[in-house]
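J.: Show me the folded form of this:
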Amino acid sequence: MNNKLSHKILLILTILSIPLIIFLSPLIKKGMNLPNYYNQLFDKAVITKVIEEEITDDEVIEGIKNGRQVLEVKVLTGKYKNNIYETVNIIDQSHNVLGKVGLKIIVGIRETDEGAKIWVYNYVREYYLYFLALIFAILIIKFGGRQGLNSLVALIFTATVFIFIMLPMFFKGYNLIALSIISVTITSVISFLLIGGFEKKILVAILGTISGILVAGIISFTFSKLTHLSGINLEKGKQLVYAAMDYGVQIKGLMFSSILIASMGAIMDVAMSISSSMYEIYKIDNSISSNKLFISGMNIGKDIMGTMANTLILAFMGGSLTVMLMMWGYNMSYYQLINLPFVSAEIIQGLAGSTGIILTVPFTALMACIIYKKAAL
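T.: Okay, the predicted model is just below:
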């Protein structure tokens, strides 16, 4: 079977597996104790009338309104579809949904002995998210062609595995570390094969990626132990602990898992760049010695690892920018700041991921020498 046919078969199987995984995912929930955290319904509605309102500009945040509205809303979906209700909408900094006639919103519906009670929950945002995703898909296929399509399928497959297999299986009671390793391995292998096909350079990239990701995860796990950190110190960690207790599962290894997933993309990029570059060098001169080929790979990696390490650290910094601004604004001392659990966790995640990127270079270069030259250094 030639590479092109194998690639087509893999592409078709991957596309078919995505809806199949989504369809079968509810089976994982069978027999699970599913707590009911929200004793209410959430449905779409449209504001049909603003009965009265008292609105003022927020004194602190520009563009934000405060006040109170009495609204008439018509439910558009669910059990109470087409029913019309009157509700009071309180607007402040934390709940800033300004009602206007014709605006579609999400409402919470509490079922009481006196009947349904409606409250304004949030704006309807999903359509804009779908539109943005459509723009992304069109652009990646337009400018990437067949490779763009392969990349898009790989991305959707990766998201499907994490969301519809890994997450429910964790709450089913499976070990999070094992789930993360298996999920990352499967998705990285499929992604590489879809993007690059069944070639030696793809095998090298796969081995380099898995090595780099595992190193990043191990460093994260080790230093989280040394600094007495756990998943509870990550953003929303405390809330997750309460949910995990209700499901009867442990969140051990959450930092390990988070760094595996967070660093996966950058490490894949580095491994593919090194593998592909070394393969081109080998094709031009297949008599090149393993030592020279390895050195060439390392030299190429020097230019890559710096920018990719910066990319990962900046991504973590960007994700925690609001917290960093808050800490600076409160004028914390150095010892107070550096020893905060959240700050320590972010530093460990950023540096562990960047270390994984750096070590991916020699791992991939070594794998390339072994596989391309069929002999170790």
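
J.: Break down the stretch 1-150 of the chain into its helices, ranges please.
T.: Along the stretch 1-150 of the chain, the segments classed as helices by DSSP state H, counting those that start in this stretch run 3-24, 126-161.

J.: Nearest to residue 217, out of those?
T.: Nearest of those to residue 217, taken as Cβ to Cβ: helix 126-161 at 16.9 Å. In this view, the C-beta of every residue, glycine as well, is placed from N, C-alpha and C.

J.: For the closest one, name the packing helices and strands.
T.: Secondary-structure packing of helix 126-161 (3 or more Cβ pairs under 8 Å, 6 or more residues apart in numbering; DSSP states H and E): helix 3-24, helix 176-196.

J.: now that helix, how far from the chain's geometric center?
T.: In terms of Cα atoms, centre = their mean, to the nearest Å, the centre of helix 126-161 is found 15 Å from the chain centre.

J.: circling back to that earlier point, looking at the helices of the stretch 1-150 of the chain, which is closest to residue 347?
T.: helix 126-161 (26.7 Å).

J.: Give me the contacts around the very next helix or strand once past that closest one.
T.: Note on helix 126-161: by DSSP states H and E, the next helix or strand toward the C-terminus is helix 167-172. Taking contacts as Cβ atoms under 8 Å, 6 or more residues apart in numbering, the residues outside helix 167-172 that touch it are 25, 28-29, 32, 176, 179, 244, 247, 249.

J.: Could you rerun that using 7 Å?
T.: With contacts defined as Cβ atoms under 7 Å, 6 or more residues apart in numbering, helix 167-172 is touched by 25, 28-29, 32, 176, 179, 247, 249.

J.: Residues contacting stretch 156-166, please?
T.: Residues outside stretch 156-166 that contact it (Cβ under 7 Å, 6+ apart) are 14, 18, 21-22, 25, 179, 183, 186-187, 190-191.

J.: run the last query once more with 6 Å
T.: Contacts with stretch 156-166, where a contact means Cβ atoms under 6 Å, 6 or more residues apart in numbering, come from 14, 18, 21-22, 25, 179, 183, 187, 190.

J.: Could you do stretch 173-189 as well?
T.: Defining contact as Cβ under 6 Å, 6+ apart, one finds that stretch 173-189 is touched by 158, 161-162, 166, 169-170, 206, 209, 213, 249, 253, 256-257, 260, 264.

J.: swap in stretch 120-138?
T.: 89, 97, 104-108, 152.

J.: among those residues, who's most crowded?
T.: Most neighbours among the contacts of stretch 120-138, by other Cβ atoms under 10 Å: residue 107, with 28 neighbours.

J.: what about the closest residue to that one other than its chain neighbours, neighbour count?
T.: Distances taken as Cβ to Cβ, 6 or more residues apart in numbering put residue 45 closest to residue 107, at 4.5 Å, once the chain neighbours are dropped. By other Cβ under 10 Å, the residues close to residue 45 number 28.

J.: ok, now which ones touch residue 45?
T.: Residue 45 makes contact with 73, 75-76, 105, 107, according to Cβ under 6 Å, 6+ apart.

J.: Tell me the one among those residues nearest to residue 369.
T.: Closest to residue 369, out of all of these and judged by Cβ to Cβ, is residue 105, at 60.1 Å.

J.: which residues of the chain fall in strands?
T.: 41-57, 65-75, 84-91, 104-112, 115-123 (DSSP state E).

J.: So which of those is the most surrounded?
T.: Of the strands of the chain, the one with the most neighbours on average (mean count of other Cβ atoms under 10 Å) is strand 65-75, at a mean of 19.

J.: Switch the contacts of helix 167-172 over to TSV; also include pLDDT and distance to residue 120.
T.: Compiled in TSV, these are given as follows (pLDDT from 0 to 100; distance: Cβ to Cβ, whole Å):
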residue	pLDDT	distance to residue 120
25	90	31
28	86	34
29	81	30
32	75	32
176	84	36
179	90	38
247	72	31
249	71	34
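
J.: Kindly give a single PyMOL line that selects the buried subset of those residues.
T.: The PyMOL selection below is limited to those of those classed as buried (16 or more other Cβ atoms under 10 Å):
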select buried, resi 25+28+176+179+249
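
J.: For residue 220, state which of the contacts of helix 167-172 is nearest.
T.: Of all the contacts of helix 167-172, residue 220 sits closest to residue 176, with 13.0 Å by Cβ to Cβ.
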